[in-house]
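Engineer: coords please:
(2 chains)
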Amino acid sequence: MSSEPKTLFEKVWEQHVVVSPEGEPTLLYIDLQLLHEVTSPQAFEGLRLAGRKVRRPDRCIATVDHNVPTTLTERFNIVDQIAATQIAALRANCAEFGVELYDVDSPSQGIVHIIGPELGLTKPGMTIVCGDSHTSTHGAFGALAFGIGTSEVEHVLATQTLPQSKPKTFRIAVEGKLPRGVTAKDIILAIIGQIGTDGATGCVVEYAGSAIRALSMEGRMTVCNMSIEAGARAGLIAPDEKTFSYLKDRRFSPQGAAWDEAVREWSKLPSDPGAKFDRELVIDAATLVPYVSWGTSPGMVAPITATVPDPASAPTEQERTGLERALEYMGLKAGTPLETVAIDRVFIGSCTNGRIEDLRAAARIADGYKVSTKVSAMVVPGSQAVKEQAETEGLDRIFRAAGFEWREPGCSMCLGMNPDILSPGERCASTSNRNFEGRQGRGGRTHLVSPEMAAAAAIAGHFVDIRNWEVKG
Amino acid sequence: MEPFRTLTALAAPLDRANVDTDQIIPKQFLKRIERTGYGEFLFFDWRRTATGEPDSGFVLNDSRYKGAQILIAGKNFACGSSREHAAWALSDFGFRAVIAPTFADIFFSNAGKNGIVLARLSEEQVATLLDNAKTIPNYQLTVSLEAQTVTDNQGFSAKFEIDPFRKFCLLKGLDDIGLTLRHEAALDAFETKHDQANWLKAK
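Structural biologist: Alright, predicted model coming up:
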């Protein structure tokens, strides 16, 4: 008897359907909820008011990342009292409801989307949620992972389920070999540039193709991380030997016979041949280049060799005024070559590009060079484990010798909820995920790039085509 | 959650596409642990100049739109961050409905949980409403959730689609957790079986 071929997403979905009542959304079981200080206090308060408990504390984990300062002195003596109160609230809530917390002094602390995989909490086939839109990162392991609002955080705490309407499926295949100097970050920037910031709304994207399979787990996480920037509900990639080898012997990975059983089950997850997707797109990897965002939306990207676009070429008036507004905010003139745009700040870090491989790549570019005297540059490892590994490899010494600041882990300047922010008018080459107005500080101008491009820009003082960089290290 | 049936109210035009949740409620206001009081921070960086003065050029500072309860916006409204604070801020400011060609997924869910009705109309219909709200003094719209229509007294009338279950919850003002707990027996049974799948255990 042959059954209908299924996609990876459909297999994960079906394994988590609690009930599917007529005329109502499906009730989906959630295997893991990640919690942090910013989007959880009102959820815990809701439980308290209703006299409810956390149904499965063993399926929750919490850490502090969004608010925490990245200097050692400020970290244990937070000046911002509102931020300090929020962190204290998470501590009290985790203690009251029995949720394990990786606090600021824990060796397991870090950005929630970096520690999940690092600890082996994230595993193929799981459903994972977090009150943070970049939860899609965990999809790199073949998990169905998506961001939710605080009411939904409360719902999962109380019931370990979420009512969900089934999203559509969208397969994006990147085929062929990536050219030299082109990274996972460039793949996802190219995709968002091509399909737009609402190009995958209502969809779960499965990234496939030889260029995706060739990526490391870190690279796959970078791609899945920014799915939300294309509007997608989630992004995922089929688990394979690389996935299993990354997870082997992590703290919360299955061990012994349970490991073998897990690998057998996980190996059944990839989309079946002939499985149908609602939409498909194929991208030729050979056509990709290093990208830089020039505007105030992640879809506003261009090849490093391009010039700032002209709003006059926009097809509609609303788009034209949108482009004019973006260029005005960014302080850029149409026709300016992107390589000539000078920068003031560099931020290397975030859940998009704050993993060990990102730091290795940036350090390789920076090794033997000095940061431009006109630029202030910082490296913020994504987690304590990433920081420790980088220090073991001597990456911190390379960065420091080049003139980068070496900081403590957290979300930092990706969203500027802690003291790491841009001043009005400052221009930043950033490895983060959003270039919205004011994202890194009111009036700040963010350009999204890969870690290599950010490191090179720090040294040159302006954007450079990484393909022409002379590696000294 | 307050039930929503039909609302006739002043409409404000926010003629921009891809309005992200960082604009709706900037990050500096996410540090609070309360669920209320976000209205004064709605669109903070657009409503106020760098020195904190009201920016007279921004639509919500225009006295013509004071008291508006319906917001008309461009496509992909509330994209970006999952912060429910965006829905709390819109609601606290007084908005009970938003009309746009498309909305971002997470906001769509957050709005529903806060009694805000989102009406998706075509780009052309939204363009008409934006024009009307800019040019007609005291421009009122009626959003009927029951009839799934947006109408004015100038002859405009459009239907919008909404998931029947979401409509039911908004009409009744129902709490989601309570609804889910109707299925508690099924959940208990599912969970017992699901817990045996070692490869799906969190820890």
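Engineer: in the chain, where's the longest strand?
Structural biologist: Just going to use chain A. Secondary structure assigned by DSSP state E gives strand A:168-175 as the longest strand of chain A.
Engineer: I was thinking of chain B, sorry if that wasn't clear
Structural biologist: Longest strand in chain B, counting by DSSP E: strand B:6-14.
Engineer: and it, average pLDDT?
Structural biologist: Averaging pLDDT along strand B:6-14 gives 98.
Engineer: check stretch B:22-31 too.
Structural biologist: Here stretch B:22-31 scores 96 as its mean pLDDT.
Engineer: repeat that for stretch A:264-284.
Structural biologist: Here the average pLDDT along stretch A:264-284 is 98.
Engineer: mind listing what's buried in that stretch?
Structural biologist: A:E265, A:W266, A:L269, A:P270, A:S271, A:A275, A:F277, A:L281, A:I283 (16 or more other C-beta atoms under 10 Å in any protein chain shown). For every residue, glycine as well, the C-beta is placed using N, CA and C.
Engineer: how far away is A:L119 from A:E37?
Structural biologist: Distance from A:L119 to A:E37, counting by C-beta to C-beta, to the nearest Å: 18 Å.
Engineer: tell me which of the two has more neighbours.
Structural biologist: Each of A:L119 and A:E37 has its neighbours counted (other C-beta atoms under 10 Å in any protein chain shown); A:E37 has more, 27 against 19.
Engineer: name the spans of chain A whose pLDDT lies under the cut-off.
Structural biologist: Scanning chain A with the threshold set as pLDDT under 70 gives A:1-2.
Engineer: in the helix ranked longest in it, what counts as buried?
Structural biologist: Counting residues, the longest helix found in chain A (DSSP state H) is helix A:81-97. Applying a neighbour-count criterion of 16+ other C-beta under 10 Å, one finds A:A83, A:T85, A:Q86, A:I87, A:A89, A:L90, A:N93, A:C94, A:F97 buried in helix A:81-97.
Engineer: residue contacts, the last one?
Structural biologist: Meaning A:F97. A:F97 makes contact with A:F44, A:L47, A:K53, A:V54, A:P57, A:L157, according to C-beta atoms under 8 Å, 6 or more residues apart in numbering or on different chains.
Engineer: tell me where chain B has helices.
Structural biologist: Under DSSP H, chain B gives helices at B:21-24, B:44-47, B:85-93, B:105-112, B:123-135, B:164-172, B:176-180, B:184-194.
Engineer: in CSV, list these along with mean neighbour count and distance to A:P21.
Structural biologist: CSV is the format used below for these (neighbours: other C-beta atoms under 10 Å in any protein chain shown; distance: least, C-beta to C-beta, whole Å):
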stretch, mean neighbour count, distance to A:P21
helix B:21-24, 25, 31
helix B:44-47, 19, 41
helix B:85-93, 25, 25
helix B:105-112, 26, 18
helix B:123-135, 18, 33
helix B:164-172, 17, 9
helix B:176-180, 18, 10
helix B:184-194, 13, 9
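Engineer: hey, least reliable of these by pLDDT?
Structural biologist: Looking at these, the bottom one is helix B:176-180 with a mean of 90.
Engineer: among the contacts of A:F97, which are located in helices?
Structural biologist: Using DSSP H, the contacts of A:F97 in helices are A:F44, A:L47, A:L157.
Engineer: so the second one touches A:E154, yeah?
Structural biologist: Okay, so that is A:L47. Yes: if you go by C-beta atoms under 8 Å, A:L47 and A:E154 touch, sitting 6.3 Å apart.
Engineer: the two: which has the busier surroundings?
Structural biologist: Shown here are A:L47 and A:E154; by other C-beta under 10 Å, A:E154 has more neighbours (26 against 18).
Engineer: list the buried residues of stretch A:103-110.
Structural biologist: Quick answer for stretch A:103-110 (16+ other C-beta under 10 Å): A:V104, A:S108, A:Q109, A:G110.
Engineer: what comes into contact with it?
Structural biologist: Counting by C-beta under 8 Å, 6+ apart, A:63-65, A:68, A:75-76, A:87, A:91, A:102, A:115, A:118-119, A:381-386, A:388, A:409-410 sit against stretch A:103-110.
Engineer: buried only: go through the residues you listed for me.
Structural biologist: Buried among these (16+ other C-beta under 10 Å): A:63-65, A:68, A:75, A:87, A:102, A:115, A:118-119, A:381-386, A:409-410.
Engineer: which residues does residue 152 contact?
Structural biologist: Chain wasn't specified; assuming chain A. The contact partners of A:E152, by C-beta under 8 Å, 6+ apart, come to A:V129, A:G131, A:L162, B:S109, B:N110, B:K113.
Engineer: please refer instead to chain B.
Structural biologist: Residues in contact with B:D152 (C-beta under 8 Å, 6+ apart) are B:L129, B:N132, B:Y139, B:Q140, B:L141, B:T142.
Engineer: near chain B, which residues of the stretch 51-200 of chain A show up?
Structural biologist: Within the stretch 51-200 of chain A, the positions adjacent to chain B are A:52, A:58-61, A:66-67, A:80, A:82-83, A:85-86, A:89, A:121, A:123-126, A:131-133, A:147-152, A:154-155, A:158-161, A:163, A:165, A:167, A:197-198 by C-beta under 8 Å from any C-beta of the partner chain.
Engineer: just the buried members of these?
Structural biologist: The buried subset of these (16+ other C-beta under 10 Å) comprises A:52, A:59-61, A:66-67, A:80, A:83, A:85-86, A:89, A:121, A:123-126, A:131-133, A:147-152, A:154-155, A:158-161, A:163, A:167, A:197-198.
Engineer: how close does the residue sitting nearest the centre point of chain B get to A:V153?
Structural biologist: Per C-alpha atoms, centre = their mean, the C-alpha nearest to the average position across chain B is that of B:A111, at 4.4 Å. Distance of B:A111 to A:V153, given as C-beta to C-beta: 16 Å.
Engineer: same check, this time on B:I99
Structural biologist: Distance of B:I99 to A:V153, given as C-beta to C-beta: 28 Å.
Engineer: show me what the longest strand of chain A is in contact with.
Structural biologist: Under C-beta under 8 Å, 6+ apart, the answer for strand A:168-175 is A:7, A:9-10, A:187, A:191, A:200, A:202-212, A:232, A:271, A:276-285, A:288.
Engineer: picking up where we left off before, the contacts of stretch A:103-110 in helices, which ones?
Structural biologist: Per DSSP H, the contacts of stretch A:103-110 map to helices at A:R75, A:I87, A:R91, A:I115, A:E118, A:Q384, A:A385, A:V386, A:E388.
Engineer: residue contacts, the second one?
Structural biologist: Residues counted as contacts of A:I87 (C-beta under 8 Å, 6+ apart) are A:E37, A:V64, A:N67, A:V68, A:I78, A:V104.
Engineer: max pairwise distance over those residues: which two?
Structural biologist: A:E37 and A:I78 (11.1 Å; C-beta to C-beta).
Engineer: so what sits against both of the two?
Structural biologist: A:N67, A:I87.
Engineer: the helix or strand A:V205 falls within: how far from the chain's middle?
Structural biologist: Assigned by DSSP states H and E, A:V205 belongs to strand A:203-208. Relative to the chain's own centre, strand A:203-208 is displaced by 15 Å; criterion: C-alpha atoms, centre = their mean, to the nearest Å.
Engineer: count of neighbours near B:A9?
Structural biologist: Neighbours of B:A9 using other C-beta under 10 Å come to 17.
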